[in-house]
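A.B. asks: any chance you can model this:
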Amino acid sequence: MTLPSIRGGALFGSRALDPLTLVDENGDETGTATLEDMHLPPGRRHRAFSVYLFDESGRLFVHQRFHGKALWGSYWTNSCCSHPFHGEAIDAAAKRRVGEELGVENAELSELFGYEYRAEFEGIGVEHEYVHVFVGAVDPASIKVAPKEVEEFQWLAPDDVDALIASEHRTTPWFEIAWPKVRDRKS
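C.D. replies: Modelled structure (predicted):
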């Protein structure tokens with residue numbers, strides 16, 4: 001089987017050549033690179049965010065990533081994740097993407113913590129990120145998913161999120177790493 005190439009922007013679409021922010025192990029800016037260049041092996045450490053949205057009963061919005069995503073397509077993951085544009089505040093970027101991906105305008109988000117991880121995907125690309133983790137509350141009726149971002153979604157109680165990650169379903173590495181910390185801080 002021939003694996004697709006991420007070179008040339010074909011799999012990253014219109015954002016492939018946007019300048020995004022490179023960071024050091026503390027999350028401090030060190031320069032810029034394109035989305036494409038950050039994700040080519042061996043991967044370059046860059047700024048990212050992950051959002052965990054809960055409803056009033058404490059259930060987490062999880063979704064299956066669109067199958068056409070360059071990395072980890074069709075994997076289950078947390079509510080929303082992406083990268084800020086270079087020069088864009090991380091909290092503003094998180095709110096922007098929650099609006100773009102999930103249709104939730106002006107989400108109230110709080111940053112919980114940050115962490116670094118590195119994961120390779122099937123020889124195609126690499127995530128090497130310093131991730132800022134945000135949580136927020138949302139009314140489930142306000143969710144209007146973008147079809148090129150989300151295949152399926154569910155609202156899961158914390159124990160069911162644990163079961164999803166432990167199951168045979170494929171889940172993203174950043175979700176597996178951060179969820180226990182998010183759960184502990186939300187309890």
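A.B. asks: look at H169 and give its secondary structure.
C.D. replies: The assignment at H169 comes out as coil when based on DSSP: H, G, I helix; E, B strand; the rest coil.
A.B. asks: apologies, that question was intended for P42.
C.D. replies: Under three-state DSSP, P42 falls in the coil class.
A.B. asks: give me phi/psi at it?
C.D. replies: The phi/psi pair for P42 (degrees, to the nearest 10) reads phi -90, psi 0.
A.B. asks: just checking, what packs against the lowest-mean-pLDDT helix or strand in the chain?
C.D. replies: Of all helical and strand segments in the chain, the minimum by mean pLDDT, DSSP states H and E falls on helix 35-39, at a mean of 85. Identification of packing neighbours for helix 35-39 by 3 or more CB pairs under 8 Å, 6 or more residues apart in numbering; DSSP states H and E yields strand 19-23, strand 125-137. C-beta coordinates here come from the backbone N, C-alpha and C atoms, glycine included.
A.B. asks: nearest approach to V98 belongs to which of these?
C.D. replies: Among the helices and strands packed on helix 35-39, the nearest to V98 by CB to CB is strand 125-137 (7.6 Å).
A.B. asks: circling back to that earlier point, out of the helices and strands packed on helix 35-39, flag the one nearest G73.
C.D. replies: Shortest separation from G73 across these is recorded for strand 125-137, at 11.3 Å, computed as CB to CB.
A.B. asks: what's the average pLDDT for the next helix or strand after the least confident helix or strand of the chain?
C.D. replies: Next helix or strand after helix 35-39 toward the C-terminus (DSSP states H and E): strand 46-54. On average, the pLDDT along strand 46-54 is 97.
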